[in-house]
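Student: sequence? don't have it. structure:
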């Protein structure tokens, strides 16, 4: 990945040992390895997400081509394939549509804050001494 040979690795180890010392070198190596593994995981996640998006785009393009050809001219087995493609595209887009359609409601928070304000006022009235 980094195209580092054996002697470069030895040189880096010796410099790290001199600079950090024997007590802090293992901790530094662990933190660097965690950083590298995190970067790899993030890159793999991005790569998988892009591949998924490309598949979705390819499905949509195939659907558009099928619609342009005309559904009447297609053979029954091709019509079944087109229906499967439509179903797959709908299944892929359904989670995104559900997330975008669920509104964030603030009614519960306002009603609870109002009731807590009322409770605070009643407590303060109880604690006031009568003159």
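Tutor: Sure, I can see it. The shown structure was predicted, so the numbers you read here are calculated from the model rather than taken from an experiment. Residues are numbered from 1 along each chain as shown.
Student: CA atoms for contacts and neighbours, from now on please.
Tutor: Fine.
Student: tell me the domain boundaries of this structure?
Tutor: Per automatic domain parsing, the domain ranges recorded for the chain read 1-39, 62-96.
Student: which stretch in those has the least confidence?
Tutor: The minimum mean pLDDT among those belongs to domain 62-96 (a mean of 76).
Student: sort out which residues of it are buried, please.
Tutor: 63, 82, 85-86, 89 (16 or more other C-alpha atoms under 10 Å).
Student: and which of the residues you listed is nearest residue 27?
Tutor: Lowest distance from residue 27 to the buried residues of domain 62-96 (C-alpha to C-alpha) belongs to residue 89, with 47.8 Å.
Student: what's the closest one in contact with, if anything?
Tutor: Residue 89 sits next to 56, 59-60 when contact means C-alpha atoms under 8 Å, 6 or more residues apart in numbering.
Student: for residue 26, see how far away it is.
Tutor: Distance, residue 89 to residue 26, using C-alpha to C-alpha, to the nearest Å: 49 Å.
Student: break down this protein into its helices, ranges please.
Tutor: In the chain, the helices defined using DSSP state H lie at 6-69, 76-101, 107-127.
Student: picking up where we left off before, TSV for the contacts of residue 89, including pLDDT and distance to residue 94?
Tutor: TSV is the format used below for those (pLDDT from 0 to 100; distance: C-alpha to C-alpha, whole Å):
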residue	pLDDT	distance to residue 94
56	89	12
59	86	15
60	87	14
